[in-house]
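# sequence first, predicted coordinates after that:
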Amino acid sequence: MQSRKRITALIAAALSASVAYLSPAWADPKPFSLCVVHNMADHPSIAAIVNGMNDEAPLFGAKITYFDPAFDPQKQVSMIEDCIARKSDVIAVNAVDPAAVVPALKKAAEAGIPVIMHNADTNEAGRAYTKTFVGVKSYDQGYSMGSRLAKDFGGKASILVLTGKPGQTDTVNRWAGAEAAFQDAHANIKVLASEPADWSKDKALTVMQDMITRYPKVDAILAEDDGMALGALQALKAAGVENVKIYGVGAYKEACDAIKRHEMQATALHPSYLVGVYTVRAAYDALHGRYLPREILAPTGAIDASNLAQFESECW
Amino acid sequence: MPPERSNSMTTPSFTKASSFGKPFPRFWHSEHFLKLARTLRDHTAVFLLVVFIVVGAFSSDVFLTPRNLLNIMWAVSVLGVVALGQTVLLVTRNFDMSVASVIGLVGIVTVLAQLAGLGLVGSVAVGLLTGAVFGLINGLLVVTTGANPFLITLGTNALAYAASLSLTHSKTLYTTVPAFNEIGRGKIFGVVNHSVIIFIGLALALEFVMSRTVFGRSLYVTGLNATVGRLSGLNIRGAQFAAFILCGVTAALAGIIITARTGSTVGTAGAGYDFDSIIASVLGGTSLFGGRGGALRTVVGVLVLGVLNNLLILLNVPIDSQQIAKGLVFLAVVWADSLVRHV
């Protein structure tokens, strides 16, 4: 009896959830234009965001136009200005540079166009002109890898670090998160060397080959993104160095496979597809004057061999 | 100077009058200094290479190990291949900025050919052909319009990048032919990487062609004085076309090596190789103003960059200081280059 009641409750909950989820589609939403100024469209993570946006757009009536400034902050500013000139209903921006984008955000706000930040946020000054930030906290990703690493080595390890492009939001925040995790765990983690590999697998491969020549007796490698972690893995293989635990960020398909083969230790979840989905929903809400929280965060956390099965669908 | 296009990179003449209408005498305009500058300029790369190697030998216990030296060769081989093509083009007083995206595009096209069922030879041939086609397009646009090659190739660079995006739908592709990956990872006799052999072999071949053949000499004449070359019956247009196509093919070769190394493609695989290849060529002694340079010089220039990169990592130099070191080396060389040009 008890269990039947529970099942009924579950079904009711599921039904009401799906009603809430699908209601915009039933209402045959009035179309609105969404101008997306993202960055580096050929990156698999951005591609996953675009997939999420494209899948969600018809449900909310969003007609999306994409612009790609390819890491050029000035180009991003002029693209946002183009979106304003086109009189878009909503603009969604993935900041190339948190500060450089602010004047353009201000212009959009003054034109009465709601702006949603996604994937990479603007700075404190820019937040005055934006409705919300949709994304994954890179700080949290760094923190989850840092605490995982500290735990794996009982609080004592010497490591090599591969960072993204110096100065970029993810580069700075992922490392800040990892360092905070080391401190919180009272761990004695010695960073032997830290080098930027600019998010590139090939560059990580060549840089790590030099680093491992200098420090062959390292315990672990922390890479700020899975592409670089995989490049490092290849460098270790080429150099014949074994028993080094590798940590990445992003849950690339290739990294999840490497974790399965026990060649990589762990990666941090980065559900880009959900970021795309949430961004379209937030755009709809912003346009209709609904309340939006300051941040809408997709979940993150460590993926390793033990929980890979549960999260494998989020690997891209 | 070829009259058909303006050169945006010319520096002010040294005899230019000061605001008082008199020549402005400076130490670095003196006869002695210019002579010294010319000697240094002609041998900058060798000089720097020796200095870096000595510094490396004394400051790092692993620097001179065979493994580290082979690592350096392996790390520079891709840039080296691109820089060789760029050198040929620089000698004719042209640039190719499109290498950055052609490298990524060729990797993608090569893997797509593999996915379509082609084997090692077939897919590599398709890749090289793609590079040649882009070289041909660059050549056609620059030679027929007479426009600035820097800007033209920035344009085709955007086109190549767009082609990469649309061919992959922004997805990463993985190589399917194991023998292909050996181009980037395999070693001859288990010691020297294939890509190193490709780099050195290409350098020797180009050095021979550039210094010992009529075609090679016509490249230099094209860069020095196209009008004189034309009047003396040299095929100046042909030389420019060939240089552009060659640069496209070497970019393609680099794209193939990178893809074979990592086993996967990304449209931005060649990011930075546009400027780095020009820097390596100029560092080696090839002039930005055409007519001077050579393949073996570029090998030395590439090695200087490779040893510098390797040392900065081995010595654990922080990234900001690394950039300062690289910037200063390049500025010094470019300055010497423009001084010598007026001697």
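That came through fine.
# any idea of the pLDDT on the residue of the stretch 1-150 of chain A found nearest chain B?
In the stretch 1-150 of chain A, no residue comes nearer to chain B than A:Ala47, which is 3.5 Å away by C-beta to the nearest C-beta. Placement of C-beta: from N, CA and C, glycine included. Note for A:Ala47: predicted pLDDT of 86.
# for burial, what's the neighbour tally of it?
22 (other C-beta atoms under 10 Å in any protein chain shown).
# what's near enough to touch it?
A:Ala47 is in contact with A:41, A:316, B:169-171, counting by C-beta atoms under 8 Å, 6 or more residues apart in numbering or on different chains.
# and B:Thr87, by the same measure?
B:206, B:281, B:284, B:286, B:293-295, B:297-298.
# closest one of these to chain A?
When those are compared against chain A (criterion: C-beta to the nearest C-beta), the nearest one is B:Thr298, at 19.0 Å.
# show me what the host helix or strand of the closest one is packed up against.
Element membership for B:Thr298, per DSSP states H and E: helix B:295-314. Packed against helix B:295-314 by the contact rule (3 or more C-beta pairs under 8 Å, 6 or more residues apart in numbering or on different chains; DSSP states H and E) you find helix A:201-214, helix B:31-59, helix B:66-91, helix B:194-212, helix B:273-284, helix B:319-341.
# pipe those helices into a markdown table and attach mean pLDDT and distance to A:Ile113 per row.
Shown next, in a markdown table, are these (pLDDT from 0 to 100; distance: least, C-beta to C-beta, whole Å):
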| stretch | mean pLDDT | distance to A:Ile113 |
| --- | --- | --- |
| helix A:201-214 | 93 | 38 |
| helix B:31-59 | 84 | 54 |
| helix B:66-91 | 94 | 43 |
| helix B:194-212 | 96 | 50 |
| helix B:273-284 | 91 | 36 |
| helix B:319-341 | 81 | 38 |
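# output those helices as CSV; include the columns distance to B:Thr262.
Shown next, in CSV, are these (distance: least, C-beta to C-beta, whole Å):
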stretch, distance to B:Thr262
helix A:201-214, 5
helix B:31-59, 27
helix B:66-91, 11
helix B:194-212, 12
helix B:273-284, 15
helix B:319-341, 23
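# looking at those, which is closest to B:Leu129?
Ranking those by proximity to B:Leu129 (C-beta to C-beta) places helix B:66-91 first, at 15.4 Å.
# buried residues in that closest one?
Going by neighbour count (16 or more other C-beta atoms under 10 Å in any protein chain shown), the buried part of helix B:66-91 is B:68, B:70-91.
# ok, stretch A:90-110 next?
Across stretch A:90-110, burial judged by 16+ other C-beta under 10 Å covers A:90-98, A:100-102, A:104-105, A:107-109.
# spell out which parts of the stretch 151-300 of chain B neighbour chain A.
For the stretch 151-300 of chain B, the residues in contact with chain A (C-beta under 8 Å from any C-beta of the partner chain) are B:161, B:164-165, B:168-172, B:174, B:185, B:258, B:261-262, B:264, B:266-269, B:271.
# in helices, which of the residues you listed appear?
Counted as lying in helices by DSSP state H, out of those, are B:161, B:164-165, B:168, B:185, B:258, B:261-262.
# what sits closest to A:Lys217 if chain neighbours are left out?
In this structure, A:Lys217 finds its nearest non-sequential neighbour in A:Ser158, 7.8 Å apart by C-beta to C-beta, 6 or more residues apart in numbering or on different chains.
# how much space between the residue in the stretch 1-150 of chain B positioned nearest to chain A and B:Ser101?
With C-beta to the nearest C-beta as the measure, B:Ala75 is the residue of the stretch 1-150 of chain B nearest to chain A, at 4.3 Å. Relative to B:Ser101, B:Ala75 is positioned 22 Å away (C-beta to C-beta, to the nearest Å).
# next: A:Pro196.
22 Å.
# repeat for A:Met264
30 Å.
# so if I had to pick from these two, which one is more boxed in?
B:Ser101 (31 against 28).
# now the more buried one: which helix or strand?
B:Ser101 is part of helix B:99-115 when elements are defined by DSSP H and E.
# check contacts around A:Thr122.
By C-beta under 8 Å, 6+ apart, the neighbours of A:Thr122 are A:93, A:95, A:98-99, A:101-102, A:105, A:130.
# what about B:Ser338, neighbour count?
By the criterion of other C-beta under 10 Å, B:Ser338 has 18 neighbours.
# how about the secondary structure of A:Ala108?
Secondary structure of A:Ala108, reduced to three states by DSSP: H, G, I helix; E, B strand; the rest coil: helix.
# can you name the element that comes right after whatever helix or strand A:Gly126 lives in?
In this structure, A:Gly126 is located in helix A:124-127 according to DSSP H and E. Along the chain past helix A:124-127, the next helix or strand (assigned with DSSP H and E) turns out to be strand A:132-135.
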